[in-house]
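Student: Show me the folded form of this:
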Amino acid sequence: MALLTMFFAAAACGVATQPVSNETVAAFEVPLPQVKDRAEFLAILRDTARAEGAHVDAASDDDLRDTGAAMPQAKMSIHAAIWRGTDDKESWATIIDQADHLGQVWIMFARGENEKPALRFQEKAMREIKARWPGTLSLPIVNRSTIPLHSDLVRTPDGYRINTSAASKYSSRPAT
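Tutor: Prediction:
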């Protein structure tokens with residue numbers, strides 16, 4: 001009986017299906033090596049988000065420094081999100097870099113509950129970002145939700161692709 005109970009408990013703890021609005025529809029890597037670049041990037045996102053009724057929440061430099069000091073593998077130079085509404089119920093984008101690609105910031109756009117303003121935000125933000133940082137590259141999206149690990153990516157002139165030696169990790173999830 002105990003074994004059966006553990007089996008059902010484990011089955012109940014599976015990964016919850018995410019709503020379609022959280023699907024990742026586009027992802028890019030933006031070269032932001034300097035503090036002033038990241039500040040300008042966040043300013044572009046704030047202005048663009050505000051025009052569509054959204055806002056930016058970003059971790060402070062002190063918070064990022066403290067986290068990196070406590071856990072070096074969690075070191076980041078930026079961690080932010082774009083939210084629609086005052087209650088932060090609808091996520092439009094996530095912005096991060098990580099210890100293995102500091103200064104190479106990833107912005108991942110979600111479909112959104114109301115796709116039209118989310119798409120307008122994405123298109124306007126990316127026009128401005130690519131104009132300011134022409135070295136911006138596209139990132140592959142696996143299963144409409146996941147960006148492969150940085151170490152599993154190969155840079156190409158137009159963006160990244162999944163390294164063939166790592167492709168089996170992602171083969172059960174179709175790439176988009």
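
Student: Tell me how far residue 23 lies from residue 118.
Tutor: 11 Å (Cβ to Cβ, to the nearest Å). Where you see a C-beta, it was placed from the backbone N, CA and C, and this is true even at glycine.

Student: How many residues are close by residue 120?
Tutor: 13 (other Cβ atoms under 10 Å).

Student: Name the nearest residue to it, ignoring sequence neighbours.
Tutor: residue 52 (5.8 Å; Cβ to Cβ, 6 or more residues apart in numbering).

Student: now do residue 57
Tutor: For residue 57, the closest residue by Cβ to Cβ, 6+ apart turns out to be residue 81, at 5.4 Å.

Student: Kindly report the same for residue 74.
Tutor: Closest to residue 74 by Cβ to Cβ, 6+ apart is residue 67, at 5.4 Å.

Student: and the most centrally placed residue in the chain, what is it in contact with?
Tutor: Ranked by distance to the mean C-alpha position of the chain (Cα atoms, centre = their mean), the top residue is residue 108 at 3.5 Å. Neighbouring residues of residue 108 by Cβ atoms under 8 Å, 6 or more residues apart in numbering: 24, 26-27, 93-95, 139, 141, 147.

Student: mind redoing it with 6 Å?
Tutor: By Cβ atoms under 6 Å, 6 or more residues apart in numbering, the contact list for residue 108 reads 24, 27, 94.
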